[in-house]
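J.: sharing a sequence plus its predicted fold:
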Amino acid sequence: MVNAIELSDVSCRYRRQLALDHVTATLPAGRVTALVGPNGSGKSTLLAALAGVLPLAGGQIRNLPEDIAFVVQRSAVPDSLPITVRQTVEMGRWRRRGAWGRLRREDHQIVDEAMARLGLSELAGRQLGTLSGGQRQRALVAQGLAQRAALILLDEPLASVDVRASEYIAGAVQDARADGATIVIATHERDQARQADHVLHLSRGALLHEGPPGAAAGPSSATGAMTASRASGEHAGRRGPAGASR
Ligand SMILES: Nc1ncnc2c1ncn2[C@@H]1O[C@H](COP(=O)(O)OP(=O)(O)OP(=O)(O)O)[C@@H](O)[C@H]1O
């Protein structure tokens, strides 16, 4: 039995600015947690703290797994990066094999599976920079999935993506959950927050509320999503558009 990740009194700063303000919260193991709140409320900062790329200014995080996949915002990846879709997804195996290590047959299988899951198989040889925004986002999510990490962090994976990409990504998230991963998603998308198991509502770096989707949200909710009831069942969206099943 894997324990929930526990944040107690977690604070983070960028120089003098307090970006996370004494956050105490729980991220249930093997479940999807959505981080919601207005721009600048601390969602990306909380992901960076969980990923270990931003040191804590105070507090502690317990039960953090060692293998963590961090799918950053698409805007954080330069358009001109000379890399194909396959190479992008293969980078998800670097942690296991090292950047210069040879991928094994099982790695290639995992990469193929992640690409198929996100509907990217036919785009494998394409340069990342020649893809649409939604396709590029799918490639980044596929890279995250290929890590087969116990904790998967996704920063705004549905920002400015088309319906097809958002269906593939939502399906991939539910698949990773079904495989036992703990997933944390910063999102502005109502549907994604509704489909989560647990929601942390942040405002100005502080936790306003945590609980199941549909529970009370503060009046400043950026998404307005928290008053809606859960739209779909446990494994809703497990399959993406045609050909995406695995
Ligand atoms: N690299 C940085 N240097 C300085 N301040 C930063 C940095 N990154 C974020 N901040 C500040 O920290 C606060 C929290 O930002 P963060 O990006 O975590 O919010 P967010 O909820 O993810 O916002 P968004 O929805 O716009 O992505 C904001 O006030 C922001 O201006």
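T.: Right, received. Where do you want to start?

J.: count the neighbours of the residue nearest to residue 51 when sequence neighbours are not counted for me.
T.: Closest residue to residue 51 apart from its sequence neighbours, by C-beta to C-beta, 6 or more residues apart in numbering: residue 70 at 4.2 Å. To be clear about C-beta, it is placed using only N, CA and C from the backbone, and glycine gets the same treatment. Taking other C-beta atoms under 10 Å as the criterion, the count of residues near residue 70 is 19.

J.: likewise the one 4 residues further on?
T.: Residue 74 sits with 20 neighbouring residues when counted by other C-beta under 10 Å.

J.: ok, the one 10 residues further on next?
T.: Using other C-beta under 10 Å, residue 84 has 16 other residues around it.

J.: may I have the phi/psi pair for it?
T.: Per-residue torsions, residue 84: phi -90, psi 170 (degrees, to the nearest 10).

J.: wait, it touches residue 129, no?
T.: No. Residue 84 lies out of contact with residue 129 (C-beta atoms under 8 Å); the separation is 10.0 Å.

J.: that older thread, now the residue nearest to residue 51, which residues is it bridged with?
T.: The partner list for residue 70 in beta bridges (DSSP bridges) reads residue 153.

J.: how is the chain carved up into domains?
T.: 1-66+150-241, 77-148 (automatic domain parsing).

J.: what about the shortest one, start to end distance?
T.: By that I understand domain 77-148. Start and end residues of domain 77-148 are separated by 21 Å (C-alpha to C-alpha, to the nearest Å).

J.: and the helix or strand where residue 142 lies, average pLDDT?
T.: Using DSSP states H and E, residue 142 falls within helix 133-146. When pLDDT is averaged over helix 133-146, the result is 93.

J.: I'd like the distance from it to the chain centre, please.
T.: Distance of helix 133-146 from the chain centroid (C-alpha atoms, centre = their mean, to the nearest Å) equals 11 Å.

J.: please see if the helix or strand encompassing residue 46 touches the ligand.
T.: Assignment of secondary structure by DSSP H and E places residue 46 within helix 43-51. Yes. Judged by C-beta under 6 Å from any ligand atom, helix 43-51 comes into contact with the ligand at 43, 44, 45.

J.: mind putting the residues you listed into a markdown table with pLDDT, neighbour count and distance to residue 155?
T.: Below are the residues of helix 43-51 next to the ligand laid out as a markdown table (pLDDT from 0 to 100; neighbours: other C-beta atoms under 10 Å; distance: C-beta to C-beta, whole Å):
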| residue | pLDDT | neighbour count | distance to residue 155 |
| --- | --- | --- | --- |
| 43 | 96 | 25 | 8 |
| 44 | 95 | 20 | 5 |
| 45 | 97 | 24 | 10 |
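
J.: closest to residue 104 among those?
T.: For those, the residue nearest residue 104 by C-beta to C-beta is residue 44; the value is 33.8 Å.

J.: could you find the closest non-adjacent residue to that closest one?
T.: residue 155 (5.5 Å).

J.: again with residue 143
T.: Closest to residue 143 by C-beta to C-beta, 6+ apart is residue 92, at 4.3 Å.

J.: same check on residue 207?
T.: Computed as C-beta to C-beta, 6+ apart, the closest residue to residue 207 that is not its neighbour in sequence is residue 23, at 4.8 Å.

J.: which SSE is that neighbour in?
T.: Element membership for residue 23, per DSSP H and E: strand 17-27.
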